[in-house]
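coordinates only, no sequence provided:
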């Protein structure tokens, strides 16, 4: 399964042929869908897939409609915290979990993992 989504010229840039625009699209969509920030990653263009289907009478005068999917592969090495950063990240996460649990207990809510 690939993570991603649709290019938005207003958010990502006007030229969907530009690799930087495609990277911004990937970063934005992944952040929105799984809350994972890949903005520090470098990206490799892996494959382009073009879909063609017959046009209906309501569509324009072409015989087919075309859409394209570009699959990019991120190098996530820059996103991985160093060994020195891990203890602080772990501590912050534990504090956040404890705070959410306190709030849920105070509000008689379920204690499912945050």
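Received the coordinates, thanks. Keep in mind that this is a model prediction, so the values were computed, not measured.

domain assignment for this structure?
1-78, 81-114 (automatic domain parsing).

with mean pLDDT and mean neighbour count added, can I get the ones you listed in a markdown table?
Every C-beta, even on glycine, is put in place using the N, C-alpha and C of the backbone. Shown next, in a markdown table, are those (pLDDT from 0 to 100; neighbours: other C-beta atoms under 10 Å):
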| stretch | mean pLDDT | mean neighbour count |
| --- | --- | --- |
| domain 1-78 | 90 | 13 |
| domain 81-114 | 85 | 10 |
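
doesn't residue 26 make contact with residue 38?
Yes: counting by C-beta atoms under 8 Å, residue 38 sits close enough to residue 26 to count as a contact (7.1 Å).

determine how far the longest helix belonging to the chain lies from the middle of the whole chain.
In the chain, taking DSSP state H as the definition, the longest helix is helix 86-106. Distance of helix 86-106 from the chain centroid (C-alpha atoms, centre = their mean, to the nearest Å) equals 25 Å.

do you know how far residue 109 is from residue 102?
The gap separating residue 109 from residue 102 is 11 Å, by C-beta to C-beta, to the nearest Å.

ditto for residue 31
In terms of C-beta to C-beta, residue 31 sits 28 Å off from residue 102.

then residue 38?
Remark: distance between residue 38 and residue 102 (C-beta to C-beta) = 32 Å.

and residue 88, by the same measure?
Residue 88 is 21 Å from residue 102, by C-beta to C-beta.

report the central residue of the protein.
residue 30 (0.8 Å; C-alpha atoms, centre = their mean).

does that residue touch residue 36 like I think?
Yes: Residue 30 is within contact range of residue 36, at 5.4 Å (criterion: C-beta under 8 Å).

please enumerate the strands of this structure.
42-54, 64-75 (DSSP state E).
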